[in-house]
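Okay, predicted coordinates and the sequence, questions at the end:
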Amino acid sequence: MDKKNQIKSVSYAKWGYIFIAPFFITYAVFSLIPLVDTIRNSFYEYYYSGLKVIGPTWVGLQNYISLLSTDLPKYAWNTFVMWILGFIPQIAVALLLAAWFTDTRLKICGKEFFKVVIYLPNLIMASAFAMLFFALFSNAGPVNSILLRLGVVGEAIRFMESTLGARTLVALMNFLMWFGNTTIMLMAAIMGINPSIFEAAQLDGCTHTQMFFKITLPQIRPLLTYTLITSLIGGLQMFDVPQILTGGNGSPDRTTMTLIMFLNKHLQSKNYGMAGALSVMLFIISAILCFLVFKMNMDDDPDGSKGAAKRARKLARKEGKA
Amino acid sequence: MKRKIICLTLALLMGLSLLAGCGGGSSTESGGAGGANTGSAEDGGGSAAGGEEGKIINIYVWNDEWQKKFNANYPEVKETSNDLSITYLNDGTEVHWIINPNQDGVYQQKLDEALTKQASAEADDKIDLFLAEADYILKYIDPEVDVALPIDELGISPEDVPNQYKYTQEAVTTADGKIRALSYQATPGMMVYRRSIANAVLGTDDPATVGAAVADWDKFYETADQMKAAGYYMYSGRADTYRVYSNNVSGPWVQDGNVVVDQNLMNWVNRSMEDIQSGVTHNTPGQWQDEWNKDFGPDSKVFCFFLPAWGLDVCVKPNVDGTSAAEDWAVCPAPQNFYWGGTWLIACRGTDDPEHVKDIMLKMTGDTAILRSLAEKNGEMSNDQPLMEELAQSDQFGIEMLGGQNYLGVLSSAAANISLANVSPYDQGCTEELQDAFGDYFNGKIDMDKAKANFETAIKERYPELAAGEVIWPDA
């Protein structure tokens, strides 16, 4: 009897905990502790002057206050502009390519080949890609020599010295690097749609455009949300491309300086207090942005019943009051 | 059964890979025990000579310039590894080269990181020797931070290197009267010009005549107008003239916690802007980049550069070797005296190879035979005053690149007059930020006030300790 009870009380639950423990330990060591440390640092004056450590001394919110007096909004705007300049063509081209590649009536040959080709730029390291563009578009670079030799321009175009040129180059690189990735994801989403819906639509005489806007787009909405959020977070973290293209200066006139480049400036001067404060601010900004986008795209009332119930309740309350 | 074994093996492997990350930590302890006899060097530093020598010498540098000079001239060198990252010495010691680029302060960042870990690093991982330039050497020889070994602790006295230019020692003598670094070069500047263009425009490439045509700034710009009229550019870009101005300032960059911009630097800004507008400069945005390198090349229309002796080997040679411009050069004095750079060797506190480091420093900066070879083969202006003065008078001394001209005649009087009184630990940062901030101004993107504001922002980002101070601009 006793024996039987003992066997009954053997719990396998602990194995579950043991098997998921590695993740939580790694997370704590490599993410949680640094995160807490960053937040702690943001309240201290703590930097290196040459090789001498200054601080850490508790300064409360001083770092946040001095951050607000910098050009932070300008850098946020720069980041946003360069992100949106790259994101719009990226999503447009990706949608178009995904629609073409998944269309059963269009017989595109070499589909697999093209899929690989459009994904290739993503395989190159961003920094290497930026170096390549820096060389290509430099004042004495090949793009300028070709333009000069063809007689398109009279003298070399100084791409990197104008705001428009530099921002466009950054956006172009981000677009080239990511449209393939997005295309592949959207294709997966489109292929997940039940083909019978398309067949039914075809039988009913739907045009291509109608099918795209009335069936494909609504059906892949969750994945579009996902793409938007990941791209937004990626955009906020935009760093290596503009950093390398402009030598870390965000030239011209700091108009390509992104938030993370600004953060890097503080890290470079080993100013851990300010860098911490800036990181905490970025953390809050990205949290808010994600929440907004998520709310915007999440349709928690697909058939309108919730809204109707809400209106009814409101009406009932009003009447009750009256 | 078989499946069980596979499962177990996989689980073990996973466990091992998890632990692998900690492996570095645990091995430090055993390493620490093995390297215990080097402990005296770590703690005392001064008593270094008593300890046993390590087998690996770590040297931090920012390019392969000195590495090549070391490999070619240090007598103990036996061979190098294929990728050149390791140099083997005759007694079996390995010299490991750690190279990080100088631009944007990367070299200093990596060096600083390693220096903060110096005390806890294993004997073989400790920095033994590092190089520093005039722009930031004061940061490292500061007695308070104590990362540089005074040379007397290594057993070197100034009498061991009697021939060195006095300024190279005075510049690195700290408030406590100790010398913490030794240099192998003197870096007075000169004007390096293209013989073919001089012939075409001035009718002669004779250094005396060309020198007279650029004897002061007024004459320099008269010549510049002739160059322009003939379709050439006088110089490459504003960064080229920068040192000529920045070495003739009246005070250091940082005074009492404030950044003081010297009048002469604003003269540089104004003059550069004028030159860009009038087109006497090729308007290259900076140095050490593709465009600038091409300006040295055979197809370039740029007449002159301002370089110290090391520039012949580092800047000119790689761009003209094997081309028609390979021997198309000559030198004359610049319109104003200046110097640029200067590299010092610093023995690092905590080194486990003090004897090797001492020998390297002594030989590379004080051995007349090596210094002579540096001058003859590399176009270096070596740190040996009597030798340089002897070579300056010599008819035989001359290098092919300059068509056999003896450039030391131009330099040796200037070298004795160099003063580094106005250097500060902030020079590299201030120089880079000033050139970057005003770059947009030169390109016509922003006005002067915006450029000044951008400079102030950048300086306060780069040096948090200066954030409380002001940036003081000259009146004019």
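Everything's here; your move.

Only C-alpha atoms from now on, for both contacts and neighbour counts.
Fine.

Quick check: which element contains the residue in the stretch 201-350 of chain B positioned nearest to chain A?
Chain A sits closest to residue B:291 of the stretch 201-350 of chain B, with a gap of 6.0 Å, by C-alpha to the nearest C-alpha. Under the criterion of DSSP states H and E, residue B:291 resides in helix B:290-296.

same deal with residue A:164?
helix A:163-191.

Which residues in that helix does the neighbour count mark as buried?
A:163, A:165-187, A:189-191 (16 or more other C-alpha atoms under 10 Å in any protein chain shown).

buried sites along the helix or strand following that helix?
Next helix or strand after helix A:163-191 toward the C-terminus (DSSP H and E): helix A:195-203. For helix A:195-203, burial by neighbour count (16+ other C-alpha under 10 Å) applies to A:198, A:201.

mean confidence for helix A:195-203?
What helix A:195-203 shows for mean pLDDT is 90.

what do you get for stretch B:254-263?
Averaged across stretch B:254-263, pLDDT comes to 91.

Break chain B into its domains for me.
B:50-186+B:342-392, B:189-339+B:412-472 (automatic domain parsing).

Below-threshold pLDDT in chain A: ranges please.
Residue ranges of chain A with pLDDT under 70: A:1-8, A:297-304, A:321-322.

contacting residues around residue A:172?
The neighbours of residue A:172, taking C-alpha atoms under 8 Å, 6 or more residues apart in numbering or on different chains as the test, are A:85, A:86.

meant to ask about residue A:45
Residues in contact with residue A:45 (C-alpha under 8 Å, 6+ apart) are A:54, A:55, A:56, A:57, A:58, A:59, A:63, A:272, A:273, A:274.

Which of the residues you listed are buried, as a ChimeraX select command?
Typed into ChimeraX, the line below selects the buried ones among the contacts of residue A:45, using 16+ other C-alpha under 10 Å:
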select /A:63,272,273,274
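
In helices, which of the contacts of residue A:45 fall?
Residues of the contacts of residue A:45 located in helices (DSSP state H): A:63, A:272, A:273, A:274.

How about chain B: which residue is closest to chain A?
For chain B, C-alpha to the nearest C-alpha, closest residue to chain A: residue B:462, 5.1 Å.

C-terminal to the lowest-mean-pLDDT helix or strand in chain B, what's the next element?
Scoring the helices and strands of chain B by mean pLDDT, DSSP states H and E places helix B:39-43 at the bottom, with a mean of 38. With elements assigned by DSSP H and E, the helix or strand that comes after helix B:39-43 is strand B:56-61.

ok, residues contacting that following strand?
Under the criterion C-alpha under 8 Å, 6+ apart, residues B:67, B:93-100, B:107, B:111, B:124-131, B:353 lie in contact with strand B:56-61.

List the neighbouring strands of that strand plus their orientation.
In the sheet, strand B:56-61 lines up against strand B:94-99 (parallel), strand B:127-133 (parallel) (DSSP bridges).

Distance across stretch B:342-355, terminal residue to terminal residue?
25 Å (C-alpha to C-alpha, to the nearest Å).

could you list every residue that touches residue A:278?
Applying C-alpha under 8 Å, 6+ apart, the residues near residue A:278 are A:42, A:64, A:67, A:263.

7 Å instead, please
residue A:263 (C-alpha atoms under 7 Å, 6 or more residues apart in numbering or on different chains).

next SSE after the strand or helix carrying it?
Element membership for residue A:278 (DSSP H and E) is helix A:272-297. Later in the chain than helix A:272-297, the nearest helix or strand by DSSP H and E is helix A:305-321.

Pull that following helix out as CSV, backbone CA atoms only.
Output of helix A:305-321 as CSV, limited to C-alpha atoms (Å, rounded to 0.1, in the frame of the first residue of the first chain):
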residue,chain,number,x,y,z
SER,A,305,-20.3,42.0,-32.3
LYS,A,306,-18.1,43.4,-29.5
GLY,A,307,-18.6,46.9,-30.7
ALA,A,308,-22.3,46.4,-31.0
ALA,A,309,-22.5,45.1,-27.5
LYS,A,310,-20.5,48.0,-26.2
ARG,A,311,-22.8,50.5,-27.9
ALA,A,312,-25.8,48.7,-26.5
ARG,A,313,-24.3,48.8,-23.0
LYS,A,314,-23.6,52.5,-23.3
LEU,A,315,-27.1,53.2,-24.5
ALA,A,316,-28.6,51.2,-21.7
ARG,A,317,-26.5,53.1,-19.1
LYS,A,318,-27.6,56.4,-20.6
GLU,A,319,-31.2,55.4,-20.5
GLY,A,320,-30.8,54.1,-17.0
LYS,A,321,-29.4,57.5,-15.9
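
and that helix, what other elements does it pack with?
Where contact means 3 or more C-alpha pairs under 7 Å, 6 or more residues apart in numbering or on different chains; DSSP states H and E, helix A:305-321 is not packed against any helix or strand.

Can you tell me which residues in chain A are near chain B?
Counting by C-alpha under 7 Å from any C-alpha of the partner chain, chain A comes close to chain B at A:49, A:50, A:51, A:52, A:140, A:252, A:253, A:265, A:266, A:269, A:271.

cutoff 8 Å now
Within chain A, the positions adjacent to chain B are A:47, A:49-52, A:139-140, A:161-162, A:248-249, A:251-253, A:265-266, A:268-269, A:271 by C-alpha under 8 Å from any C-alpha of the partner chain.

Grab the nearest non-local neighbour of residue A:273.
Counting by C-alpha to C-alpha, 6 or more residues apart in numbering or on different chains, residue A:273 lies nearest to residue A:42, which is 4.6 Å off, once chain neighbours are set aside.

give me every residue that touches that neighbour.
By C-alpha under 8 Å, 6+ apart, the contact set of residue A:42 is A:63, A:64, A:272, A:273, A:274, A:275, A:276, A:277, A:278, A:280.

For those, could you give me TSV that also reports distance to residue B:191?
Shown next, in TSV, are the contacts of residue A:42 (distance: C-alpha to C-alpha, whole Å):
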residue	distance to residue B:191
A:63	48
A:64	50
A:272	44
A:273	46
A:274	44
A:275	44
A:276	48
A:277	49
A:278	47
A:280	52
